[in-house]
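Peer 1: Dropping a prediction and its sequence here:
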Amino acid sequence: MRGTFTHPGRLLLASIACVLGAAALTFAVDPLQLFRPSRLVAPFYSEDTRVQNAGLIRSQSFDTAFMGTSLAIHFRQSDIDHALGVHSLKLAMTGSNSRQQSFVLEQAIDRGARRVIWQMDDFIFVDAAGIETDPYLSVDLYRKTTKGIASYLFSAAMAKESLFALLRSIPPLRAPLTRAAPYLPVKFALSDVDDIYALPRDFDVARGYNAEKTLAAFTYITSPVRSRFLGEGYGYDAMVRHFERDAVGLITRHPDVSFDIYFPPYSILQFVAMRDASPATLKIVTDLTTVVATRLTQLPNVRLHDFRAIKDITHDLGNYSDVIHHSPVVDAKVLKWLASGEYRVDPNKPTALLDELKAQVEAYKLPRRPGEGRDP
């Protein structure tokens, strides 16, 4: 009878030992650099930005936080630093909403950011889960609560990353495992923080961004079976509330932090798609912009920039991979415009650039495609 209980007991003890050993390994290696900058092994980074940002805020030195969605995800920190004379930390998250962005920025400000560069668009203010119940962003990990630390230390995925990082630190294995990392089932594969979600330096820009892709995307989103998605999640009153809570609330809580906020240079086809297939959505967007521009330009620690009516860029469809995502060539121009203040919104005329955009959208005629006939 004694043996009957001995084996399960040994199995239980062995299981506990394995779990504690894995947790100790994760704590020692700390692949996320949540407790300390990496010392035991060379640091590696993940493109899972909602998780990685928690470690970056804790481990990196910075004075400026760069926030945005997929429209800001391909910027390199080194380019931001060079263009604006700052020491930046890129925290952009694809598909992120204003609650997530505001929360992460608050953590960065608490860790020393004195300037925020914030790519802002209407879509971030759509309705979404509250930050405390957000299934995609672990607030406990950022706050380093007991729950957050436990979820990190007792994560099998993090134990796997820690073991791989340890193996990669062994000199004979370092080079081959580093080369193989992007092709293996590990998340922490980038050796340079500058490469997080950045396009490869040899990326074929002309192939990735061209008018053919942009027009194909326009046709896709304006198709009658899909055009209803243009307005999905858009509700004027809710979006204004979210703007006040997440943007204005953050800014007014930190009067000693300067905010450079910009509206990105969407292609003109994004607005034309709304004009033709969802005019109610276009009205919400322009009405919301009026509120945002008027409100932000009243705040003393905000400089607002609007790049949406720069016709040389937004009407050149070769600059885009779809109707909103612009090429790295335009990324560089965005940084140049931020540095010069060339398209800063005038607090005395907060809707002037919006009015220019509205006139362009109203007058715009779609380019003809090869093979299309002339008007009768």
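Peer 2: Good, I have the coordinates.

Peer 1: Only C-alpha atoms from now on, for both contacts and neighbour counts.
Peer 2: Will do.

Peer 1: ok, V86 - how many residues close by?
Peer 2: 16 (other C-alpha atoms under 10 Å).

Peer 1: Which of the helices or strands spans it?
Peer 2: Assigned by DSSP states H and E, V86 belongs to neither a helix nor a strand.

Peer 1: Nearest spatial neighbour of it, chain-adjacent residues omitted?
Peer 2: Of all residues not flanking V86 in the chain, T64 sits nearest, at 6.5 Å (C-alpha to C-alpha, 6 or more residues apart in numbering).

Peer 1: can you check D331 too?
Peer 2: F75 (6.7 Å).

Peer 1: ok, now V205?
Peer 2: S327 is the one closest to V205 (C-alpha to C-alpha, 6+ apart), at 7.0 Å.

Peer 1: so the one you found makes contact with F203?
Peer 2: No. Counting by C-alpha atoms under 8 Å, S327 stays clear of F203, with 10.7 Å between them.

Peer 1: What's the local residue count around the closest residue to G112 other than its chain neighbours?
Peer 2: Spatial nearest neighbour of G112, chain neighbours left out: D63 (6.2 Å); criterion: C-alpha to C-alpha, 6+ apart. Using other C-alpha under 10 Å, D63 has 16 neighbouring residues.

Peer 1: tell me the contacts of the residue nearest to V205?
Peer 2: By C-alpha atoms under 8 Å, 6 or more residues apart in numbering, the contact set of S327 is V205, Y209, N319, Y320, S321.

Peer 1: Could you dump the residues you listed into a markdown table and include neighbour count?
Peer 2: Converted to a markdown table, the contacts of S327 look like this (neighbours: other C-alpha atoms under 10 Å):
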| residue | neighbour count |
| --- | --- |
| V205 | 17 |
| Y209 | 20 |
| N319 | 26 |
| Y320 | 27 |
| S321 | 24 |
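
Peer 1: Can you list which of those residues are found in helices?
Peer 2: V205 (DSSP state H).

Peer 1: all strands for this protein, in order.
Peer 2: All strands of the chain, identified by DSSP state E, fall at 64-67, 88-90, 115-119, 258-263, 302-306.

Peer 1: out of the contacts of S327, who's nearest A156?
Peer 2: Taking C-alpha to C-alpha as the measure, A156 sits nearest to S321 out of these, at 37.1 Å.

Peer 1: That closest one contacts T214, correct?
Peer 2: Yes. S321 lies in contact with T214 (C-alpha under 8 Å); the separation is 5.6 Å.

Peer 1: With A42 as the reference, measure out to T178.
Peer 2: 11 Å (C-alpha to C-alpha, to the nearest Å).

Peer 1: and what of G95?
Peer 2: 30 Å.

Peer 1: Neighbour count: those two, which is higher?
Peer 2: When G95 and A42 are compared for neighbours, A42 comes out ahead with 15 against 12, by other C-alpha under 10 Å.

Peer 1: If I look at the nearest residue to the more buried one once chain neighbours are set aside, what pLDDT would I see?
Peer 2: Spatial nearest neighbour of A42, chain neighbours left out: S169 (6.7 Å); criterion: C-alpha to C-alpha, 6+ apart. Per-residue pLDDT puts S169 at 89.

Peer 1: Tell me the spacing between S169 and S162.
Peer 2: According to C-alpha to C-alpha, S169 stands 11 Å off from S162.

Peer 1: neighbour count winner among these two?
Peer 2: In this view S169 and S162 are compared by other C-alpha under 10 Å, and S162 has more residues nearby, 25 against 18.

Peer 1: wait, isn't the more buried one in contact with V29?
Peer 2: Yes. With contact defined as C-alpha under 8 Å, S162 reaches V29; the gap is 5.7 Å.

Peer 1: hey, which helix is longest across this structure?
Peer 2: Ranked by residue count and defined by DSSP H, the top helix of the chain is helix 2-29.

Peer 1: how many other residues sit next to the residue nearest to D331?
Peer 2: 23.

Peer 1: Report the contact partners of it.
Peer 2: So F75 contacts K90, A198, P328, D331 (C-alpha under 8 Å, 6+ apart).

Peer 1: Backbone dihedrals for the closest residue to S321 other than its chain neighbours, please?
Peer 2: Once flanking residues are discounted, S321 sits nearest to Y209: 4.3 Å by C-alpha to C-alpha, 6+ apart. Note on Y209: backbone dihedrals following degrees, to the nearest 10 are phi -130, psi 110.

Peer 1: what sits against Y209?
Peer 2: G318, N319, Y320, S321, D322, H326, S327.

Peer 1: Could you find the closest non-adjacent residue to the fifth one?
Peer 2: Of all residues not flanking D322 in the chain, T214 sits nearest, at 4.2 Å (C-alpha to C-alpha, 6+ apart).
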